[in-house]
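[1] here is a sequence together with a model predicted from it:
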Amino acid sequence: MGSLPVLMQMADGTFGYRRGIAPMLWVLVALCVVELVVVHLLLAIWVPRAALLVSILTLVGMGWLIRMILSFDGRPVRIEGDCLVLQVGTLRRVTVPLAAVAGVRLRGWSGEEVKRRSTLNLALVAWPNVAVDLAAPLPGRRGIVTIVHRLDDPHGFAAALRRLGHGA
């Protein structure tokens, strides 16, 4: 039963990332709640108007974060025709032609490589478990040559790209 979702993901060319990224973001939401209560109480004592403004801003930020986390299921990484669509909820989306994929790695990168300007980190607060190397930099100022992500099924993702003749 544990392998059924993986087979379904591979069949329709979509790959989720919620299980790898969302838990850490929910911890961030919980910390925001604690911060909201503590800061509101302290500011309410000293500057009541500021307490209201800061609380509203914090609630708006928390709402945005929760909405982004909930968007993970509806916006999976997918292989669509001759393109690879890498995204992380409503936050970021990158479309790469499959012909531009030079390779896929499931290990073998350092923290320095993940932090490089030429690496796009879609894993957010989690450590990536898949790296997509590109044959040429993506258009733009950063010159992205590697995209890292935290997928729920990195092996299925790599196998799907290899079946299509990409990501050797």
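    That came through, no problem.

[2] what is the neighbour count of residue 56?
    Residues lying near residue 56 (other C-beta atoms under 10 Å) number 10. Glycine gets a C-beta too; all of them are placed from N, C-alpha and C.

[3] could you export the helix or strand it falls within as CSV, CA atoms only?
    Take DSSP states H and E as the rule and residue 56 turns out to sit in helix 48-70. Extracted in CSV, the C-alpha atoms of helix 48-70 (Å, rounded to 0.1, in the frame of the first residue of the first chain):
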residue,chain,number,x,y,z
PRO,A,48,-1.4,50.0,22.2
ARG,A,49,-1.7,51.3,18.7
ALA,A,50,1.5,49.6,17.6
ALA,A,51,0.3,46.4,19.1
LEU,A,52,-2.8,46.4,16.8
LEU,A,53,-0.7,47.3,13.7
VAL,A,54,2.0,44.6,14.4
SER,A,55,-0.7,42.0,15.1
ILE,A,56,-2.5,42.8,11.8
LEU,A,57,0.8,42.5,9.9
THR,A,58,1.7,39.2,11.6
LEU,A,59,-1.8,37.8,10.8
VAL,A,60,-1.5,38.8,7.2
GLY,A,61,1.9,37.2,7.0
MET,A,62,0.6,34.0,8.7
GLY,A,63,-2.3,33.9,6.3
TRP,A,64,0.0,34.2,3.3
LEU,A,65,2.3,31.4,4.6
ILE,A,66,-0.7,29.1,5.4
ARG,A,67,-2.1,29.7,1.9
MET,A,68,1.3,28.9,0.3
ILE,A,69,1.6,25.6,2.3
LEU,A,70,-1.9,24.6,1.3
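
[4] mind listing what the nearest residue to residue 66 once chain neighbours are set aside touches?
    Leaving out its chain neighbours, the residue that sits closest to residue 66 by C-beta to C-beta, 6 or more residues apart in numbering is residue 29, at 6.2 Å. Residue 29 makes contact with 62, 65, 66, 69 under the criterion C-beta atoms under 8 Å, 6 or more residues apart in numbering.

[5] kindly list the main-chain dihedrals of residue 29?
    Residue 29 adopts backbone torsions of phi -60, psi -40, taken as degrees, to the nearest 10.

[6] separation between it and residue 18?
    14 Å (C-beta to C-beta, to the nearest Å).

[7] equivalent analysis for residue 101, please.
    Distance from residue 101 to residue 18, by C-beta to C-beta: 23 Å.

[8] that older thread, columns neighbour count on top of the contacts of residue 29, output as a markdown table?
    Formatted as a markdown table, those follow (neighbours: other C-beta atoms under 10 Å):
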| residue | neighbour count |
| --- | --- |
| 62 | 16 |
| 65 | 16 |
| 66 | 14 |
| 69 | 21 |
